[in-house]
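Participant: Next comes the sequence, and after it the predicted model I'd like to discuss.
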Amino acid sequence: MLLTDIKKIAVIGAGVMGSGIAQVCATAGYNTLLFDVEPAALPKAITAITNNLEGAVKRGKLTPDKQKTILNRIQTSNFFADLKAEFIIEAIVEDLNIKLEVFRQVAEQNPPHAILATNTSSIPITRIAARLPHPQRVVGMHFFNPAHLMQLVEVIAGVDTNPEVIQTTRELALKMGKMPVIAKDSPGFIVNRVARHYYVEALKILEENVADFAAIDDLAVASGFKMGPFRLMDLIGVDTNFAVTKSMFESFHFDPKFRPSRIQQQKVEAGHWGKKSGKGFYNY
């Protein structure tokens, strides 16, 4: 499928990432379907998108008419039968079995040439594609949070991914105003493999009582980082960050350097997921 063949994009998952990706798709001029199994998630996502666009209007980056046009391009649904499009992006929980179940159902109701893209940040694309019909149309398209602001997009090919699918995905990212980087299929790809230890080592320091989390953040910022690891985990979602670390730990055959933190696991179990829940390592 060529870029010119894409008329509609469907985004599965109306969480922080999914809503941001839907906004990016609509801003790029595409009719966009935002799907979530939880009906309550959809108005919340539209509110978040509206707030983002209103902020852009206030900063002079967007006109009110353009804002209205973008919002009008976004439709929402919690009916699975509506998930039909030329390009479908999955942005749900970082769990292989759940992603596979969703993609299997999507594959059944879309033609073989429809491109299935996953926003996974750690699961190898080949592992997903190998269990789906027509694995050549499965590709990784990994956005970064917040998706409407962050420029980088990792485009990842599985073993069987058609080169044309990679090229179309790259061109789509460019049309969205993003900077696509082609990555080979490896757990964590480029960014999460490099960045994982920013979180893991910070959590180890916390576990060993070398310093508290606020001091670790202050030291990281003083060293040149824009945000400390704990504030960044709160922004991304402590639960999401933990899931990615757990996935990479398993994918690297339980290499100790990727071991998830007991402190982070406790935060997840307590529902302290960061900014989205009002409490993480910090209170919001």
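Facilitator: Good, I have the coordinates. Predicted model only: the values in this text are computed from it and were never measured.

Participant: What are the boundaries of the strands in the stretch 101-250 of the chain?
Facilitator: For the stretch 101-250 of the chain, strands defined by DSSP state E, counting those that start in this stretch occupy the ranges 115-118, 138-142, 152-157, 179-183.

Participant: buried set for the third one?
Facilitator: Along strand 152-157, the positions that meet the burial threshold by neighbour count (16 or more other C-beta atoms under 10 Å) are Val153, Glu154, Val155, Ile156, Ala157. All C-beta atoms are positioned from the backbone trio N, CA, C, and that covers glycine.

Participant: what does the last one give?
Facilitator: Buried residues in strand 179-183, counting neighbours by 16+ other C-beta under 10 Å, are found at Pro180, Val181, Ala183.

Participant: Residues in a beta bridge with the first one, which ones?
Facilitator: Going by DSSP bridges, Pro180 is paired in beta bridges with Val153.

Participant: doesn't Gln167 make contact with it?
Facilitator: No. Contact criterion C-beta atoms under 8 Å: Pro180 and Gln167 do not qualify, at 10.3 Å.

Participant: Please enumerate the helices of the stretch 51-200 of the chain.
Facilitator: Here the stretch 51-200 of the chain has its helices, by DSSP state H, counting those that start in this stretch, at 64-72, 96-108, 125-129, 163-175, 191-207.

Participant: Buried ones in the first one, by neighbour count?
Facilitator: Of the residues in helix 64-72, those with enough neighbours to count as buried (16+ other C-beta under 10 Å) are Gln67, Ile70.

Participant: Show me what the mean pLDDT comes to for it.
Facilitator: The predicted model assigns helix 64-72 a mean pLDDT of 96.

Participant: and that helix, what other elements does it pack with?
Facilitator: Helices and strands in packing contact with helix 64-72 are listed as helix 16-27, helix 41-58; criterion 3 or more C-beta pairs under 8 Å, 6 or more residues apart in numbering; DSSP states H and E.

Participant: The fourth one too?
Facilitator: Judged by 3+ C-beta pairs under 8 Å, 6+ apart, the packing partners of helix 163-175 are strand 115-118, strand 138-142, strand 152-157, strand 179-183.

Participant: what do you get if the cut-off is 6 Å, keeping everything else the same?
Facilitator: Of the remaining helices and strands, those touching helix 163-175 by 3 or more C-beta pairs under 6 Å, 6 or more residues apart in numbering; DSSP states H and E are strand 138-142, strand 152-157.

Participant: Would you convert these into CSV that also reports distance to Pro111 and mean pLDDT?
Facilitator: Formatted as CSV, those follow (distance: least, C-beta to C-beta, whole Å; pLDDT from 0 to 100):
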stretch, distance to Pro111, mean pLDDT
strand 138-142, 14, 98
strand 152-157, 21, 97
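
Participant: Please consider this matter closed, and thank you.
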